[in-house]
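>>> Any chance you can model this:
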Amino acid sequence: MSVPASTAPSAPLIELSDICKTYNAGLPSEAEVLHGVSLRIGRGEFAALIGPSGSGKSTLLNIIGLLERMTTGSYRIEGDEVVGLDDAALTLRRRSTLGFVFQFHHLLPAFSALENVTLPALMREGRITPAQRERARAVLAAVGLSDAMSKRPGELSGGMQQRVAIARALVLEPPLVLADEPTGNLDTASSDEVFALMRRMHAQLHTSFLIVTHDPRLAARCDRVLELVDGRLVDGATAAG
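You can find the predicted model right below:
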């Protein structure tokens, strides 16, 4: 059975072309931090983004995540150009396409694990339906937190809190999850556990992952490694996986 072109593995989920980012343009403190970055992330990829501090990784991830605008260049998500969209349209696109996991989980301390995981649905649609609540329960169960749904973040270990954050990122089944140092605040055992969880969810849901990490052990366990140095991708990192 042939696969339609729109869902073929080689079809890029996101495609950035010649992305430049300049801060304080026209001022004495002007600084260009990204210099003509081009990359593609295919559907179902599990990729790492590495590079030294100050190389522009966070800026690039923020641009991919529609949290920050590029200065020049082109950015297509599922074939649609996002350059020129207003803030409201970018927010809608971000909520429908992207999930986020950060080094610090950013869970609401007064909310239970289940309530934290239902937040994306509340933000996107303004309410939480019974079906969405059941979906949140199912995702929490999938990440091994069946017995912790009613617990607040302060009652959970660091690794368990990050599992909640991963469940929150996946609950709306986004095509792409962006993870910024998701294990950077964990000990080695918890780090390995969280990484294994992301790999398992990737295999089950076929969600694409782009993970920023300083840990070479974790990067080596990704299917593809992109290296950013001084605002430029190196070592053939522009090729699609």
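
>>> And the helices in this structure, which stretches?
Assigned by DSSP state H, the helices in the chain fall at 57-64, 87-97, 113-125, 130-142, 158-170, 188-205, 216-220.

>>> Out of the ones you listed, which one sits most buried?
Most buried of these, by mean neighbour count (mean count of other CB atoms under 10 Å): helix 158-170, with a mean of 24. In this view, the C-beta of every residue, glycine as well, is placed from N, C-alpha and C.

>>> For the residue nearest in space to the middle of the chain, give its distance to residue 86.
Centroid-nearest residue in the chain, with CA atoms, centre = their mean: residue 178, separated by 0.9 Å. Here the criterion is CB to CB, to the nearest Å. By it, residue 178 lies 22 Å from residue 86.

>>> one step back: just list whatever residues bridge to the residue nearest to the centre of the chain.
residue 100, residue 210 (DSSP bridges).

>>> That one and residue 47, how far apart?
In terms of CB to CB, residue 178 sits 11 Å off from residue 47.

>>> same question, residue 106
From residue 106 to residue 47 the distance is 23 Å (CB to CB).

>>> and if you look at residue 131?
With CB to CB as the criterion, residue 131 and residue 47 are 32 Å apart.

>>> hey, what's in contact with both of residue 178 and residue 47?
Residues touching both residue 178 and residue 47 by CB atoms under 8 Å, 6 or more residues apart in numbering: residue 210.

>>> Identify the residue spatially nearest to residue 37, adjacent ones excluded.
Spatial nearest neighbour of residue 37, excluding adjacent residues (CB to CB, 6 or more residues apart in numbering): residue 19 at 4.4 Å.

>>> and that neighbour, how many residues sit next to it?
Using other CB atoms under 10 Å, residue 19 has 25 other residues around it.

>>> show me the contacts for it.
Neighbours of residue 19 in contact, by CB under 8 Å, 6+ apart: 34, 36-38, 60, 63, 70, 72-75.

>>> Could you check how far stretch 138-147 is from the centre of its chain?
Distance of stretch 138-147 from the chain centroid (CA atoms, centre = their mean, to the nearest Å) equals 20 Å.

>>> Please apply the same query to stretch 117-129.
19 Å.

>>> Let's see it as PDB, backbone CA atoms only.
Output in PDB follows, covering the C-alpha atoms of stretch 117-129 (Å, rounded to 0.1, in the frame of the first residue of the first chain):
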ATOM      1  CA  VAL A 117      -2.200  18.000  32.400                       C
ATOM      2  CA  THR A 118      -5.700  19.300  31.400                       C
ATOM      3  CA  LEU A 119      -4.400  22.900  31.200                       C
ATOM      4  CA  PRO A 120      -3.500  22.800  27.400                       C
ATOM      5  CA  ALA A 121      -7.100  21.800  26.600                       C
ATOM      6  CA  LEU A 122      -8.400  24.600  28.800                       C
ATOM      7  CA  MET A 123      -6.100  27.100  27.200                       C
ATOM      8  CA  ARG A 124      -6.900  26.000  23.700                       C
ATOM      9  CA  GLU A 125     -10.700  25.600  24.000                       C
ATOM     10  CA  GLY A 126     -11.700  27.500  27.100                       C
ATOM     11  CA  ARG A 127     -13.100  24.500  28.800                       C
ATOM     12  CA  ILE A 128     -12.400  20.900  29.700                       C
ATOM     13  CA  THR A 129     -14.700  18.200  28.500                       C
END
